[in-house]
Every structure is written in structure tokens, then in C-alpha cells.
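**Q** how would this look folded up:
(8 chains)
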Protein chains: 8
Amino acid sequence: MMEEILKQVQAGHLSVEEAKERLASYENLGFAKVDHNRKVRQGFPEIIFGEGKTAAQIVSIMEAIKSKGDDVLATRVTKEKAKEILKYQPDFIYNETAHILFWKKEQQLPEKSSGYIAIVCAGTSDLRVAEEAAATAEFLGSEVRRIYDVGVAGIHRLLDNAEEIRNATVSVVVAGMEGALPSVVGGLVSRPVIAVPTSIGYGANFQGLSALLAMLNSCASGVSVVNIDNGFGGAYNAVMIDRMAGSEKAED
Amino acid sequence: MMEEILKQVQAGHLSVEEAKERLASYENLGFAKVDHNRKVRQGFPEIIFGEGKTAAQIVSIMEAIKSKGDDVLATRVTKEKAKEILKYQPDFIYNETAHILFWKKEQQLPEKSSGYIAIVCAGTSDLRVAEEAAATAEFLGSEVRRIYDVGVAGIHRLLDNAEEIRNATVSVVVAGMEGALPSVVGGLVSRPVIAVPTSIGYGANFQGLSALLAMLNSCASGVSVVNIDNGFGGAYNAVMIDRMAGSEKAED
Amino acid sequence: MMEEILKQVQAGHLSVEEAKERLASYENLGFAKVDHNRKVRQGFPEIIFGEGKTAAQIVSIMEAIKSKGDDVLATRVTKEKAKEILKYQPDFIYNETAHILFWKKEQQLPEKSSGYIAIVCAGTSDLRVAEEAAATAEFLGSEVRRIYDVGVAGIHRLLDNAEEIRNATVSVVVAGMEGALPSVVGGLVSRPVIAVPTSIGYGANFQGLSALLAMLNSCASGVSVVNIDNGFGGAYNAVMIDRMAGSEKAED
Amino acid sequence: MMEEILKQVQAGHLSVEEAKERLASYENLGFAKVDHNRKVRQGFPEIIFGEGKTAAQIVSIMEAIKSKGDDVLATRVTKEKAKEILKYQPDFIYNETAHILFWKKEQQLPEKSSGYIAIVCAGTSDLRVAEEAAATAEFLGSEVRRIYDVGVAGIHRLLDNAEEIRNATVSVVVAGMEGALPSVVGGLVSRPVIAVPTSIGYGANFQGLSALLAMLNSCASGVSVVNIDNGFGGAYNAVMIDRMAGSEKAED
Amino acid sequence: MMEEILKQVQAGHLSVEEAKERLASYENLGFAKVDHNRKVRQGFPEIIFGEGKTAAQIVSIMEAIKSKGDDVLATRVTKEKAKEILKYQPDFIYNETAHILFWKKEQQLPEKSSGYIAIVCAGTSDLRVAEEAAATAEFLGSEVRRIYDVGVAGIHRLLDNAEEIRNATVSVVVAGMEGALPSVVGGLVSRPVIAVPTSIGYGANFQGLSALLAMLNSCASGVSVVNIDNGFGGAYNAVMIDRMAGSEKAED
Amino acid sequence: MMEEILKQVQAGHLSVEEAKERLASYENLGFAKVDHNRKVRQGFPEIIFGEGKTAAQIVSIMEAIKSKGDDVLATRVTKEKAKEILKYQPDFIYNETAHILFWKKEQQLPEKSSGYIAIVCAGTSDLRVAEEAAATAEFLGSEVRRIYDVGVAGIHRLLDNAEEIRNATVSVVVAGMEGALPSVVGGLVSRPVIAVPTSIGYGANFQGLSALLAMLNSCASGVSVVNIDNGFGGAYNAVMIDRMAGSEKAED
Amino acid sequence: MMEEILKQVQAGHLSVEEAKERLASYENLGFAKVDHNRKVRQGFPEIIFGEGKTAAQIVSIMEAIKSKGDDVLATRVTKEKAKEILKYQPDFIYNETAHILFWKKEQQLPEKSSGYIAIVCAGTSDLRVAEEAAATAEFLGSEVRRIYDVGVAGIHRLLDNAEEIRNATVSVVVAGMEGALPSVVGGLVSRPVIAVPTSIGYGANFQGLSALLAMLNSCASGVSVVNIDNGFGGAYNAVMIDRMAGSEKAED
Amino acid sequence: MMEEILKQVQAGHLSVEEAKERLASYENLGFAKVDHNRKVRQGFPEIIFGEGKTAAQIVSIMEAIKSKGDDVLATRVTKEKAKEILKYQPDFIYNETAHILFWKKEQQLPEKSSGYIAIVCAGTSDLRVAEEAAATAEFLGSEVRRIYDVGVAGIHRLLDNAEEIRNATVSVVVAGMEGALPSVVGGLVSRPVIAVPTSIGYGANFQGLSALLAMLNSCASGVSVVNIDNGFGGAYNAVMIDRMAGSEKAED
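**A** This next block holds a predicted model:
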């Protein structure tokens, strides 16, 4: 591309000023453009981390994106902030369990994967994080199957759902306390497992440290880990993988 | 007992000197005596922690106990130390996997419990600790069943042995890495589970911290924990429980 | 059991549909049934962890269980939540110190152990955790003896109660700060000691870490540890042991 | 499947004994079989963790697998152990940088993905871990591109290779010290990034803790993390993803 | 100087009393005087750490300094405290983002450096700390260039500003989460980089520990680190360096 | 003192040169001199920390001090180094258990305190640290009573020695593992207790952290703590206190 | 004493009942009595830890003690609780800075030590802890000298007060942040230094950990440490030492 | 610069090929070139981190650089490796205390700063790190003044050297244990202080953590910190600052 610009300059078809701008854009805006293009091409809409932002800040960013006709989702939006925002933007949708607020253009449908993501959750107290993952993945266009309350202390609840988990293109496994669930799931499936430790627990849980260390030390191969309580991150990784697997399955 | 001594003094059957000695022994040596009596009565022989002791020190303590006709066991005895000691005391027995050295009077048999202790072990690298537990429990007179290599990443190896674990009076569950095994076992059984974290693992295992925290945060009720790599401690707790359960079972 | 079902199918006494259901229930629901059976057989009623649940959620779960005529207990229920719940269910009982709410069918009495559990508590600030243990054990049908305010800095208060602790089938020892009490108790008794570290203390206590580490490193054999502030867990372990010891003692 | 077995019993085509065995195998051995089948079907050969095993133990396990005609790979095999093993099995291949020993049946070729995995490595001291990842991925049948010595302190070395990383189906990014590389790569690509922290560094690196925490806190979406120095784990995750992406690309 | 005093005593030009005082002042008050002189000479006004001080305490200290005609600045002043203080001292200026309150004598202008300090900031959530640094540096008389929202996950936003950062005499680089920005900046410039970790992040960020460790382990030479969230400290160090570089540049 | 020097200068009894030297020494060397004087006056000889120093370095420092006729002691001297040193200085005395090497002028006897220091030690594995404390205290001129192997798991061994500990002017209490001993001793005595945690233990002992935290959180008043394994530091503090108590007791 | 009781029984001067009581009290209640006697004899009144206790609880304990005519002091009493208590007990005295509430019988004066305790404090934010120490020591009958705001960053403020610190029988040195003050003081004095780390600081202070570790690692001999923010504990240790030193000084 | 290239193309003075190369080099190689240029212009020769590299690797890198006539320095080279290297390259110079190996072209002299760097060191055991700093700074062309063994426990040794430290353009302060020295130096000077924590100490030093935290929490303004034991990093920062200050001083 650089060569063409230079040739046009040589040929006098392009002024020095214009060439400079194009090369600069290639250099400067170019990289941002790639980022932008990637999102458009692959269907990853903008995501906003809502924690630590005021309702006003969230609404202004979301409106800016929506005004371009782009989908937009905000994570970690408390019920209070959501209420305030919904007054101004009643067409936004709020998922109370997941603390997620989003807007989606109806007609825009990403090329559907024929597979699905399994969101596996250990206990009912891990639900907020699991739903953050599920809602994010659905928003990003993946099909989601929720397999909840299947903690390892009642191993057969999990085994009863083994087939459904095994058939997923990828699993997002959410657990607090001893964080053992991803290891057991990792041993049951032959697809990637994204482990999400939660800060659920008390005493020697140390705000999720016990679950985090357990998951990093998983004796099962095929388990990788994201930050504590980062349901969004787990879903984002899973959607990336699910999309790659998509075409393949479609032809089976 | 104090009253009797005083009455004998009053009656002139006991000199002040003798009374003083008896009361002193009741006070001072008395407590040690109780300790001693407890061991004799309950069949808990002396246990020596071999780490940080020289072969000479170990042998001299063990001989002193043996000379009284008492059973004696030393944990954490390296192969090198054991070799040296066995030259002097060829009738001692060395368990190389468990790093345990002991001497046992054949005829002395504790009142056998009709139950047994299940020693459940996650991986082959946790074997030294599991065998320390198993050998200790056997030495202390309990029947032991070894259920090894049943880590959670291959959950069905564990489930295949669920019945045998469920029928044990108590389980000692040994695991390193993510330390998830006690939670799964705790969900399968209705008897106490003693969890023993091991320092097996690498990276973010941090010398057993990951397994320790996981076990303390077990979502299964009925799990209690001993120190990292403390196979002996796990067995000692289990034998205490197994003995209490013993008579009960015997009459079923 | 599987064999019998198959034989009945062979004999035509059982339709394929019915056999499938029974085997499936044996397989799938079966495990839950086993769990249920275990509870009925052993008298372990349902326990609910109240922290992080709303009053509405707690009351709905408890009512569901009570409606089957089963006993039910919830731990970590704050005074505020309890008040709200008691409006709807005035026959529930709230233990304010222990933060425990429960309902118990009067006539239902578990086969009483002739032994008792000693709940030993270091300081008055550890009382909430100690009472959570005591109330849980009593609810589960064990006899409890409370030996409170016997911290190691006044060792003779403890020694004055040594006999009562020694005669317990099992001790639950609750302590914060330096967590030394289980080691001293462990040296006095020949029965299992369940140590419960509390988060009581300040400065370098680090939310119970000091007591937790001390208990895990106990120089006394026969001490095992549960999570910080986990009075319920300590009691659950103790009741399991007390029940096993029960029949034995009954015949002495 | 259960239904069919039952119907055959009903029809008298299957004895109770045979039915029991089949149902049992479906239940018990079945899962192990599935595990085995999975490996055969998907081409994941056996992997042995060589650390803490003797040369004799490693060689006997590897021979057992090889004797079945299966591929086999051992990680963390020191040069000394490898030398000893190669005396007995000169057809094994040792990768000295990666500390990996393996045997591979030539004719056996997994269905090739048309994509490749980028192994991105920050510094020359992280090479052992990066090569463990690269050699593992190649052994498991993926194509690998090595992009080494592109640490963030010389950001343009990385940018010069951005295109090659961007075109990979998945990247394994290996870094010690401040562990910043996965964040930068995560910002450049729209495919999954598996981050592998290494224990390379000194002082406040605390054996890989600095890199581990940095990677878990990555501000880039699409980054997940495995254990410290776990090059094998990083590769295993990547191969899983690369295989799923395989058919898709093949048709572009 | 001591010698002169002694000679004057010997010569009778100085009484013993006066000499004692002078020597004492040289010893005692002398050091304080140097401190005072340093501030006057170099233009470092008094700085007050506002956290943990009441509005009343802050206003009384600031008034005392202002009454001597000296500039004064307070960091970590919440909006609430600032409001209260501004009622009494409406000529104070409050920077709400930076949580900084100050008073500056207009005519007093420190000898201007011809260079400038680059305040580089990773994300919008690190803004408070970055602005604390920027406002402090400006108050202390340095020219500041703000280069904000240039986190490493979008590396080209940073590279687009590389020239401006490179030309600064010193950079203060503020980042939370994985704290990778100072390493990248350190690789781009040949002047000192002062890294300021922030407590921004969640989960395994552990209140800024992840960013702190990453910065201490920077693979780039020329990076030094101040305390978590210590924007003031970063600016203070930078101003010291900027002033030393000042005269040099002025003559280029 | 300064005044006298000035007066002598004024009176011509002191040259400016001499006065300068004296004042300078008062100012510069003076502080060192005070240090020196303090040692001479109070009988604190020089102490050398032997760890990390070669035998040659230790011997040269010790000879330099000995050559002035001063007592000298080196801590943390391994057996190997001691052997080498004793070849050159056979009149040095080596305490093998304490790893202490010293030389003491016979005739030099510090004014004896009529009291004594109790060195209380939990287990035989803590002996090296306890002996470092005991030997240091004796070298510094205090009388020492050794009360060893009185860990809290056998509380009556301790109580049997309560009187002797209670009568000490100060106790140095050495313990590893759960570090509970200082709390129990602190409850028995009304004099200061210096607690010395040791790194003895395994697993969750974390190199002395468990004992250190326990001691800092002691529920007994009157306990202060020195660094892990710092027997010397414990003794030094105790001797300081013992000396102050000395004259008092002497006159009782 | 035991001998005398026995002789009196022998001589018939003492009934068995009475002897039993005396021996029992010597054994059981005896220790409590000794505790009590110790307090009476040495003048250590009761101290109550007010944190976590309600105003009602505090007032009832304090009144119980006061009603026996004994002095009583409560630490960690917030302003709100104090207000409430003072309504009922207006003759109690509240020290607002120290958060201390006490009652003291005027006429009761402990035998005054002729020495004093130096309370040395680094910064104004450490004042609450320093005043807790000062008020406690004064309440316990020691003379206190406050040397405040002498942090190491302005070393000459400290040196100006060196003489007064040096003459104290013991110093309590209170510091947060880098906790360096005890090391500097320890190098200046030849009497014991009790170091009290405070949780004052931010960021990498980690709630007092930085100051605690620094003090435990002091390069100065003669420094021992109490828990974070434990001003009371520091004072208690100091008073113990000051009293022992008391008589000695009185006779100089 | 881009504009000029384009104009030359337009004017026909530059072929498209040449322009492409120049622009490409500006883009791609350009950054490396800048790095290279920076080093040449500012006199920063190549530095090699020797830890974890073999003698052969070190010698080959150093020879490659030397062969271009460039200066070269390797840090963390053990005596053993140095010996081996010096056989091949006898003109290399090895600083044994600093573990530094270098080669320097005699005639090449960087423009001398008229100022100097003070390397301030707490204790003799910190010497290796201090000398690494000193030798690095000298190699990079700065004048160095060594002020060693001035730890805070003997504060007057430090004060005696205050003037020399105050006159330095920048100080590198090296300390282990409690890490207090930078705070005291920071209070004495008005120039930047680079603090280098060392891993020297024992027990609760935790491999340099105590010194690191203390330095990050310094109450003195103007202190920034590098990694534990990173003498090289401290020196590199200092040289950067010293050079900027250079011209200024030269003209005073």
C-alpha cells in the first residue's frame, strides 16, 4: 500500500500533502481503524465497564455508540444506576441478575454458530458472575446453555448434565469457594474450558484467592483462567472460540 | 483421690513425706502419667518426628522406647538415615515410600475395629504423603483400604470406588494441586473426611497453599483439614475416630 | 438392586418404561435420593447458608423443607432478616447470638448418643462462632457442653474444666487471635479436636490468618481444622463423630 | 442405549448377567472408555509430567504406551534423565531446550489444520517455557510459528511481527518479569490469547507472581491464563482451539 | 565555620555564651533552617496530606502557611471537605478530579524550565491519580503535558504520542490493572520514567499489588516506582528532575 | 561539656586545634564514642552477625576487638567456619548447639544482677535458637535458667516449672509451629516476656510466619516479639531489662 | 506451703475438708487468686478491650470493677459510646484522642518510679495510637514524656530530643508507613525500645504490614515489637519494665 | 522528515525503492535505529543481564558488541563464570564484589558531568548490590562517591556524611532489613533519591519484602524505588538524571 502511495506521488497523481495524510493515517489512525474494522467485521460491539462510572457517564457513552447504530453493552451496572439510565433510554434492556445493561439493533444478527457455549455454575451464590457471562455471550451472538447449581459436593447433578457440557464448543465454568468445578469439567470434556473464579466464600477464601489458585493448578489439561469475578472476560474468550468453531460445525 | 491421701495422713497411715510425693505426683508427674496411661489404655504408641533429627538421635530415642517393650514409629526418615539405623537395629521395619521406620511387638494387637479407614489419594505424586497416612494408621492398629490415583480430572475412577469409600468409618483424602478431591468425596459420604493438602504442584501452587485453601473452603460439610503434607496427622485423627466407631460396628 | 430390577423385567413383572425410570432414578435422581436417604437415615436435616440470601429467599427454602415435615436450620441470619422472617413464620426459633434460625418437629428425636460434644471457646468475642457451633450441634441432635472464656492466657480456667473436656466424645475448640487453645486442649484429651479459627483480633491478625495458621501447625496430634469463623462446619464434623461413638458408649 | 439393553433383556436376547455388565460398563468403565475414545478420535496422545519421576519410571510408562503403537510425550525431563532414557530407547527424541522427550509413529498424521499457532515469547530467558509450548503443540499436530524476543520494552520488534501474530488462529504468549506482553498482543489480535507467566525475574518477581497477576488483570479482552511456567498447558489449550478452527479455514 | 567561631572566642571577639548559641544553632536549629532554606531557594512550597485530617485541621494549617505569603497545596481533599473549606477561604482553588486544594501567590513564578513533564495515563479510571500528579507538578512550577487513555491494549494510541513523551525531560506513567504501560514507555524514551501504580482493577488486582509488582519488575531500564496511587510522589520526583534539567535546556 | 571546652579555649588552656578536635569528636566521632562509652559502662561487648561472612572476615574482626582487650561474640557461625577459626584462635570458645563463637576476658565481670533470665523453649527442634539466646545472655553477664521442652501440647510440663519462670526478671520464650507458648507464659507471669518465633515446622508454617503472627496476636498482655529465629535479639532485650532490675533485687 | 497444710492435718489442726479446700484452691482457684494478687500487689488494674463491645456491656463491666474500689480502664471506646456511658457514670474520664475511658480512685498511688517512659511518635496521624500508649502508661502509674512528630524524614527534630529519650527507662516508639523510627531510636539509646507499628499509610502499606515488617527487621539491637496499632500493649510492656527499674533509680 | 522524503520523490531525486526503504526503516527498523542512536549519542552502552546465561552465551554476546568497538557490561556474573570467560577474553575486567564484567574502549570518554552520584549503603552485607550500582554508574561515565556502612541504627555515621550526600546530583540508597535509610536520606537532601531494597536480612525479611515495602512507604518526598537487589537499575536511573543535571552544574 505504501508503494502505491509513493508511486502516485511520483506520477504526480497525489500531492505531498495528501500523501502525508494517507501515510500518517496508515501510521496513526490506521491502527485504530484496524481495531474498528475488526469489530465491524467480526461483530464484536463496544463493551463498557460500568463500575466506577456515574450513570451520566455510562448513558453518554452508550448513546454515542447507539447513535452510530452500533450495539452496546455495559457490565457492572447497579440497579440504582440502571433505573436512572432507563428513564432517559427506556429502550435499553437491563438484566438485573447479571448487572448488565445493553441495547441491540434487532435486525443485526451475527452469522450464527451452529454450536453453543455451556455456562456451568457451581452454586446459586455464583449466579451474578455466571449470568454476566451468559448475558455477555448472548449479546455477542452466541447460543448459551445454562447448567447451574452443579457444584462438586453433589457430583451427580453435574454428571447428569455431562452430555450437554460435552457437546458445547467451549465451556465457561464459574465457581467460588474451593474452585474445583473446572477441574472436574475439564476431565469430562475434550473442548476448551474457561474457568472464572468468584469471590464467593468466607474466611480463608480471601476474596477469591482460594478459587483462583485452585483453577490455575487444575490437574485437568485444557483449562485456562480469567480474573476473579470476571464473567465478562470468560464469555468474551468463549465467544471468540465459538465463532471459530462455527463454520466447521455448520457443515457436519 | 486427694481426699483419700489426706484421710490416710490423718489416720497416720501415710507419712507427710509420702503424702507430699503422691500429691506432687498427682500434680506434677500426674499429668504426664495420665498421658502415659492414655497411650497404654488406648494403644497409641510413641511417634517420633524424624525430620531435622540425626540418625543417631532417632535410633537412641527409638531404642529407649523399644527397651520398655513399647511400639515405636518415626515419620520423615530419609532412605539414607534409615539405612544407617537398620545397621544397628535390623529388626526395625522401613517403609520406603512412606519414609516411615517402626518397630512393633508382634503379639500386641489393639482391640480391632470392625470398620476400616479409606486412604484416598488424587495422584501418584501425592503417594509419599498418602503412604505416610496409610502406614501410620496401620501401625496404630486400624484396617486401611488404599484408593489411589482417583483425582477429580477423571471423576469416574473415583465414582467406581465410591462404595468402598462410603463404607469406611472415616476417610483420609490426600491431594495436591487444586485440592478438589476432599470436596467431591465429602459429597459422596456421610462420615468424616480428613483432608490432607500436599505441596505437590508447580507455579501458583505456592508449596501447597492452593490445595490448603481449597480444602478449607470446601463446599461439602464434614471436611476438616490438617497441615500441608501432614499424612501422619491425617491418619492420627482418623484412627481416633475409627476406634470410637469400632465397638458400635462390631455389634451390628 | 440393579439385578433385581433386571430380573423383574425378565420375569415380565416390570415394564421397560418402569425399569428405565427406576434405573434412571438410581442413576440420575438416585444420587439425590441417596443424599436424601442418608439424611433421613442419619438424621441430618437440611442446612441453609443464610449469608448473601434475602429474607424472602431464606423463608421460601425453609418453608419448602418444613412443608415436607423435615427439620430445617439456616446459619448466618442477621437479626434484621430474622425479624422479617418471623413475621411470616412465628413458629421458627431464632438464636440471636448464634445468628441461627431453625424449625424442628418436636416429636422427632434422633437416637441420642450417650456422649456429648464439648464446645470450648477462648474469649467472649469468639462467642458468635462458638454459639453457631453449639446451636448447630444441638439442632443436629447431639448433647452439648459449653466451656467458654478459657483462653490460654489464663491457663487454669481451662485446666479447671479439663475433666469435662476429656470426657467429651469430641471437642470443637473456637479461638481467634493467636489460636493457641486447640493445641493445649489437644494435649489434654485423647479424642478428636475440631479447631475453628475466628477472625477476632486486630492488626496482624489479618482476618483470622494468624489463628488459622497456628491451628494448622498445632504441635498436638489429633487436631484438624475448618474454615475461619465456620462454627457450623466444626459442629457438623463433631456430630458425625459423636454419632459414631454413640452406640459404643451406650453399652458401657 | 439403556432402553435397548432393557428391551433385549425383555426379549430374552440378553441374559441378566450380560445386561448387568453392559449397564455397569456404561456406568463405570464407560466413562474411562469415553476418555480413551476421545483420545483416539481426536488425536490427543498421552502426556507425562516428568518432574518428580525417575528415569526408570518415565521409561516404563512411555514404553507401555509406545508398545500400543500410541504416540507419547514427557515434559520436564532433565538432560540427565533424558541421557539415561535414550540409552534404552534410542528412537525417542529429546528436545533439550524444551526439556521434552517424545516418540511419534511417523505415519500417524492428525487431520491438519490449515491455520497455525503463534508462540510469542518476551525474552530469551523465557525460552525453555516457550519451547515447551512449541514442541508440545507440534507434537499434538498443530503448525507453530515462533515469534521470540519481542518483549514490550522494545515494542517495535513486536509490531514488526504483528501481522503474523494476527493471522494465527490462537496465540500462546509467554512472558516473565512484568508479564505485559499478553496485554499488548491481546490488543493487536481478534483471536484468543493464552497467556503463560514464567518465573523468570528476580526480587519482587516472587517466583512468577508478578507476571501471573499482571496477566490475570490484563486490560485486553480475550486473554486467559494458565499456571506459572506451564508451557504445556498453554499449548494444549491452543491446540484444542486450533483444531476447532481447522475445518473452517480449510474452506476459505 | 566551627574554626572561625573558636578563633573569635580565642580572640575575645565572642563570649562563651554567644559561641555556645551559635554552635548549638549550627547543631540543632541549623538543620531545620536548612530544610526551610531549601524550600525557599528551590521553590518547593509546603504540601499537606489531606487524608485523615478534618476540614478544620486542613484550613488552619493552610491559613498559617498562606499568612506567611507562602504557596500551599493539600492532596486527598474530598469534595465535601473542599466545600466546607472554600466557605472560609474562597480564594483557594479546588481541582475536583485531582482532589487537590491549593493557594498560590500570583506574582511568584519559579524560574521556568524550558522542558516539560509528560503525565502518561493508561485508562480513564486512573484519572484521579494522574490528575493528582499533573496538578501537583503544575503547582510546583513545571510545565505539564497530559497524554491520557493510552493503555497498552491499544498500543497505537500510545505510539501516536511517542514523540511528545520522548521529548519530555521526565515522564510520570500512571497505570492500574496489569501496570504494563511504564515498561512500554521505558522502552520508547531515554529519560527517566517514574511509574505510579494505581489500585484500579478488580479481583486479582489485590488493591494495586498487580500493577505495583509489574512496575518493579519492568524489563525496561530507567523505570523507578512510587507507592500505589501516589500521584503526588510521582510528580514530586519528576519536578526535582525537571528542575535539574532546566538550565541545561534553556541554553540549547 | 561544650561549655567547658569553650572556656578552656577562652582561658588559653586549649589550642584552637585541640578544641576543634574535641568538639568534632563530640559531634562526629562523639556519637560513636558515646556508643563505645555505653558499651564500656554497661558491659555490652561487641556482637558480630556471622551469617554471610567468611571465616577469615570473622576472625579478623574478632581479633581486632580482642586486641583491645574487649570481649567479643559472633552469632550464626557454622561448625565448619568455627573449626577453621579455632585453628588460628584456639582460645576462642565455640558453642556448637547455639552456633556461637566468643572470647571473654576472665577477670571482667559485670556487676551481677541478683535475678535471672528464664529461657523457655517449646520443643527440642527449637533448641538452636534457644541456645543462641541462652549463650548470648550468659556472655552478656546475666544468669540464665533453661526451661526446655515445655510445649503447650503437654501443658503440665510447663506448669511444673511455672514457679521458676515466674521468679525470673524476664523470660525469653522460644517456639515454632503454632507459637502458642508465649501466650501461656504471659498469662502465668507478671514480668516481661520476649517472644522469639522460630522457623521450625512444615507446610503451613511458611518459614516461621505462623509462629510470628500468633505471637504478635498474643491475648496475654506483656508479650513483645523479635524477628523469626532471632535468639540473639531476644536475649539482648532480656539482658537490658535484667540489668535495670538488678540493683533493685540486690537490696531486697 | 503444701507441706504445712499436710502437717496441720497430721497434727489434727486442720480438718480434711478444710485441707481439701485449701489444696484445691491452691490448685484450682489458686491460680486465679495469684492473678488477682498479682494485680493488687503490683498495681495493675483491670483493662477492658472496648472494641466490639456495646456501651451497655462496657459500663456494666466497669461498674462491677469500680464497685470493688478498683481502678478500671477501657481502650478503643469510640466517642459515641463514651458519650452514652458518661451519662450514667459522669465521674469516668474520657480521653478523646486515645479513645480511652477510665476511672481512678484518687488516693491510690502506685509506688512511683523515679524514671519515666518516653512515648516517641513519628507523625501526627499516628497520634491516636501514641496517646493510647501514653494514657495507658499514665493510668498504670508511670510518668510519661511525649516526644511527638519526630519522623525520620526530618531526622533533626528527633536528634533534638535524643537526650530526653536516652534518659527514659524504656521507650515506646509508634510509627506507621515505613516504620523506621524504632531503628533510629534503638541506635540512640541503651534501654529497651518497644516498637508499635500503626496501620497509618496507604497503598503498599497494606494495613500496617510495611511498618510491622520493618520493625521486626530492625538493624538496631534492643527493639521488640507488639501488634499493629496496639498502643495499649506497648505501654503495658513499658510499665512492667519501668517498675522493675524503679527502685534502682530511686536510690541513685 | 517524512515530508522531505516525499518531496525528494516528487522532485525525482529519490527513487520509489529508496523512498520505500527509508520510510520503512523509519517505521520498522527506525525504532531500533533510534534505540541505537540514543545509545551512541548519550553514551549508554549495551548491558547484559548475566544471571541464567552460560559463560559461553555471555562471552559470545559480549564479543559481538566489542567487535563493533562498543563498550559492554554484564551484571550478575559469578566468579566461576568470570574465570572461564577471562580465559578467552583476558582484556575484560571483572569486579568481584559487584559481580560485574565489562570491557571499555579507553579513549571513549562520555562528556563528563561536573556533578556526582552518591551511592549510600546501609550495611556491609548490602555491599554486593551497592557495588553493582557503583560499578555500573562508573561504567556509564558518571562520577561516583561511595558512602558505605551508614545504617540508621548509628545515625551519626550518616549525618557525618550528610554534606557529601546533599551535594550529589542524585543518590542511590541501598539497604536491606528494615529499609529505613532512603527515608532518612530523603529528609536530608533536595535532590532525587533512588532506593534499592536488598534481600539481606533473615526471618520476617521475606527475601527483601520488608525493605521493599518500607521504601515504597517512605514518609520522605523525592524517593522512588527499583526492584529488590537491582543495583544496576538504581544506577541506570541515577546516571540518566546525573547527565541531565550535568550541563547546568558545569556553568555555575
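**Q** going forward, measure contacts between C-alpha atoms and count neighbours the same way
**A** Fine.
**Q** How about stretch A:175-182 and chain B, touching?
**A** Yes: using Cα under 8 Å from any Cα of the partner chain, we find that stretch A:175-182 touches chain B at A:Met177, A:Glu178, A:Gly179, A:Ala180.
**Q** Next one: A:Gly151 from B:Gly222, what distance?
**A** Note on A:Gly151: its distance to B:Gly222, by Cα to Cα, to the nearest Å, is 16 Å.
**Q** Can you get me a residue count around A:Phe206?
**A** Burial measure for A:Phe206: 17 neighbouring residues, criterion other Cα atoms under 10 Å in any protein chain shown.
**Q** and the stretch 151-252 of chain A, which residues reach chain B?
**A** Counting by Cα under 8 Å from any Cα, the residues of the stretch 151-252 of chain A close to chain B are A:151-155, A:177-180, A:183-188, A:201-205, A:210-211, A:213-220.
**Q** A:Ile117 reaches A:Thr169, doesn't it?
**A** Yes: look at A:Ile117 against A:Thr169 with Cα atoms under 8 Å: they come within range, at 6.0 Å.
**Q** what touches both of the two?
**A** Shared contacts of A:Ile117 and A:Thr169 (Cα atoms under 8 Å, 6 or more residues apart in numbering or on different chains): A:Asp242.
**Q** rewinding a little: show me which of the residues of stretch A:175-182 next to chain B is closest to B:Thr75.
**A** Distance to B:Thr75 across the residues of stretch A:175-182 next to chain B (Cα to Cα) is lowest for A:Glu178, with 29.6 Å.
**Q** mind listing what that closest one touches?
**A** A:205, A:210-211, A:214, B:179-180, B:213-219.
**Q** Which one of the residues you listed is nearest to B:Ala162?
**A** B:Ala180 (15.7 Å).
**Q** who's in contact with the closest residue to A:Val223 other than its chain neighbours?
**A** Leaving aside its chain neighbours, A:Val223 sits nearest to A:Val193 (4.8 Å; criterion: Cα to Cα, 6 or more residues apart in numbering or on different chains). Residues near A:Val193 by Cα under 8 Å, 6+ apart: A:Val170, A:Ser171, A:Val172, A:Val173, A:Pro182, A:Val185, A:Gly186, A:Gly222, A:Val223, A:Ser224.
**Q** pretty sure A:Tyr236 contacts A:Phe139?
**A** No: A:Tyr236 is beyond contact range of A:Phe139, at 10.3 Å (criterion: Cα under 8 Å).
**Q** Next one: the residue of the stretch 151-252 of chain A found nearest chain C relative to G:Gln207, how far apart?
**A** Closest approach between the stretch 151-252 of chain A and chain C, counting by Cα to the nearest Cα: A:Gly203, at 4.4 Å. From A:Gly203 across to G:Gln207, the span is 18 Å (Cα to Cα).
**Q** quick one on the thing from earlier: of the contacts of A:Val193, which belong to strands?
**A** Those of those mapping onto strands are A:Val170, A:Ser171, A:Val172, A:Val173, A:Val223, A:Ser224, per DSSP state E.
**Q** Which residue ranges of the stretch 151-252 of chain A form helices?
**A** Counting by DSSP state H, counting those that start in this stretch, the stretch 151-252 of chain A has helices at residues A:155-159, A:162-166, A:181-188, A:209-216, A:231-250.
**Q** need the contact list for the closest residue to the residue of the stretch 151-252 of chain A closest to chain C other than its chain neighbours.
**A** Nearest-residue entry for A:Gly203: C:Ile228, 4.4 Å, with adjacent residues in sequence omitted and distances by Cα to Cα, 6+ apart. Each residue near C:Ile228 by Cα under 8 Å, 6+ apart is listed here: A:Tyr202, A:Gly203, A:Ala204, C:Val196, C:Pro197, C:Thr198, C:Ser199, C:Gly208, C:Leu212.
**Q** okay, the last one: pLDDT?
**A** Confidence at C:Leu212, expressed as pLDDT, is 96.
**Q** Give me every residue in the stretch 51-200 of chain A lying close to chain E.
**A** Listed as neighbours of chain E in the stretch 51-200 of chain A under the rule Cα under 8 Å from any Cα: A:Gly52, A:Ser199.
**Q** which stretches of the stretch 51-200 of chain A have low pLDDT?
**A** Low-confidence segments of the stretch 51-200 of chain A, defined by pLDDT under 70: A:107-113.
**Q** can you redo the contacts of C:Ile228 as JSON lines with neighbour count?
**A** Shown next, in JSON lines, are the contacts of C:Ile228 (neighbours: other Cα atoms under 10 Å in any protein chain shown):
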{"residue": "A:Tyr202", "neighbour count": "18"}
{"residue": "A:Gly203", "neighbour count": "22"}
{"residue": "A:Ala204", "neighbour count": "27"}
{"residue": "C:Val196", "neighbour count": "34"}
{"residue": "C:Pro197", "neighbour count": "38"}
{"residue": "C:Thr198", "neighbour count": "31"}
{"residue": "C:Ser199", "neighbour count": "23"}
{"residue": "C:Gly208", "neighbour count": "25"}
{"residue": "C:Leu212", "neighbour count": "34"}
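**Q** Show only the entries of these found in strands.
**A** Using DSSP E, the contacts of C:Ile228 in strands are C:Val196, C:Pro197.
**Q** Turn the contacts of C:Ile228 into CSV, columns for distance to B:Gln89.
**A** Converted to CSV, the contacts of C:Ile228 look like this (distance: Cα to Cα, whole Å):
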residue, distance to B:Gln89
A:Tyr202, 51
A:Gly203, 48
A:Ala204, 45
C:Val196, 42
C:Pro197, 43
C:Thr198, 47
C:Ser199, 49
C:Gly208, 46
C:Leu212, 40
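**Q** With that, I have no additional questions.
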